[in-house]
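Engineer: Show me the folded form of this:
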Amino acid sequence: MKMIKFFKIIMLAATTAIILSVNNAGISAIRLDDDISVPAEGERLISGPVRDVPWEQDETFFKAKMRNDTNVLMAAYRTVLKDPLPGEEDNVHLAAKMLRGLLIRQGQIFSQNGSIGPYTIERGFQKGPTYMGTKLTTTIGGGVCKIASTLYNVTALCDLEIVERYNHTMPVPYVPYGQDATVAYGARDFRFRNNTGTPIMIWAEGVDNILYIAIFGRFPAPDVQWRHETLVVRKAPREVSKNPNLKSGEEKVVLEGMDGAVVKSWLYVKGPDWTRVRYMGVSDYKPMPYSIEIGN
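Structural biologist: Reported below is the predicted structural model:
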């Protein structure tokens with residue numbers, strides 16, 4: 001494995017980062033999916049922090065924030081699901097409804113599995129995509145990791161204490177490397193502690209293939225920005241199979257692969273006259289293979 005000697009991060013308008021690394025061959029980039037580029041007007045939305053949320057005129061939301069005295073938007077994050085599979089979008093929307101209006105008191109630890117699990121048919125969840133090692137399969141509740149990843153990003157932006165977080169076995173196409181979180185009921189959870197000193201409220205909503213999650217409190221959050229160092233890059237292999245329905249020489253990409261990587265992450269938290277650095281750990285990803293079909 002080759003160690004990267006230097007790294008540079010370019011922060012984009014949505015405060016999402018592309019990681020550029022410099023090695024002996026020059027500058028190279030880990031592909032974090034085209035969703036993290038800032039699109040021109042009229043192009044599709046990207047994942048990242050937002051200030052506008054779809055429930056601003058919702059009377060139920062207005063009553064909840066007044067009742068809980070959580071009137072300040074601390075942070076909001078939008079996750080765009082790229083080409084969601086059947087059941088995935090439904091599972092995300094259902095889980096978002098279960099989170100909506102959840103109040104977390106000072107010192108209380110939030111658990112995703114404890115709040116919206118178990119992810120069963122009886123509770124309305126369907127089959128959706130799930131990583132099993134380096135394979136993509138389906139399980140009941142598959143897709144709820146989008147909730148965990150979005151929560152991870154919004155809680156990081158609020159400078160909340162992360163109690164438990166695991167990265168996926170392979171990178172995901174909807175948030176940058178080092179900024180994802182996965183859950184598995186009874187095995188892996190996403191948990192954070194409310195260390196703000198006052199109650200906070202979660203509000204969430206799925207709109208088509210877009211998930212919005214925000215946290216409201218009594219005081220603004222500090223300015224928070226991600227920093228990542230790429231230690232290792234693992235090129236995605238190609239898995240090729242024959243498709244008799246394709247013409248000779250024709251090629252079809254069934255599943256877009258992603259390079260694996262080892263990424264070290266920090267948060268830079270800035271106040272009026274101070275800066276604090278939070279180490280967020282190392283995320284280790286196996287490469288996601290390209291699935292290619294070719295004609296006979």
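
Engineer: Need the per-residue pLDDT for the nearest residue to residue 85 once chain neighbours are set aside.
Structural biologist: Of all residues not flanking residue 85 in the chain, residue 129 sits nearest, at 4.9 Å (C-beta to C-beta, 6 or more residues apart in numbering). Where you see a C-beta, it was placed from the backbone N, CA and C, and this is true even at glycine. On pLDDT, residue 129 comes in at 76.

Engineer: tally of neighbours for residue 129?
Structural biologist: 18 (other C-beta atoms under 10 Å).

Engineer: list the contacts for it?
Structural biologist: 85, 88, 136, 137, 138, 142, 143 (C-beta atoms under 8 Å, 6 or more residues apart in numbering).

Engineer: can I get the CA coordinates of the helix or strand hosting it in PDB?
Structural biologist: Secondary structure assignment for residue 129, by DSSP states H and E: strand 127-132. The C-alpha trace of strand 127-132 is given here as PDB (Å, rounded to 0.1, in the frame of the first residue of the first chain):
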ATOM      1  CA  LYS A 127     -36.500  -4.700   1.200                       C
ATOM      2  CA  GLY A 128     -33.800  -2.300   0.200                       C
ATOM      3  CA  PRO A 129     -30.100  -2.200  -0.700                       C
ATOM      4  CA  THR A 130     -27.500  -3.300   1.900                       C
ATOM      5  CA  TYR A 131     -23.700  -3.800   1.800                       C
ATOM      6  CA  MET A 132     -22.600  -7.300   2.700                       C
END
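
Engineer: Can you spell out which helices and strands pack onto the helix or strand just after it?
Structural biologist: The helix or strand immediately downstream of strand 127-132 is strand 135-140, counting by DSSP H and E. With contacts taken as 3 or more C-beta pairs under 8 Å, 6 or more residues apart in numbering; DSSP states H and E, strand 135-140 sits against strand 127-132.

Engineer: list the buried ones in the strand it packs on?
Structural biologist: Judged by neighbour count (16 or more other C-beta atoms under 10 Å), strand 127-132 contains these buried residues: 127, 128, 129, 130, 131.

Engineer: quick one: contacts for the fourth one?
Structural biologist: When contacts are counted by C-beta under 8 Å, 6+ apart, residue 130 touches 136, 137, 138, 139, 142, 145.

Engineer: low-scoring stretches of the stretch 101-250 of the chain, by residue?
Structural biologist: The stretch 101-250 of the chain contains residues with pLDDT under 70 at 133-134.

Engineer: hey, where'd the helices end up in it?
Structural biologist: Under the criterion DSSP state H, counting those that start in this stretch, helices of the stretch 101-250 of the chain are mapped to 112-116, 145-157.

Engineer: In JSON lines, list the ones you listed along with distance to residue 243 and mean neighbour count.
Structural biologist: As requested, those are exported to JSON lines (distance: least, C-beta to C-beta, whole Å; neighbours: other C-beta atoms under 10 Å):
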{"stretch": "helix 112-116", "distance to residue 243": "39", "mean neighbour count": "20"}
{"stretch": "helix 145-157", "distance to residue 243": "30", "mean neighbour count": "27"}
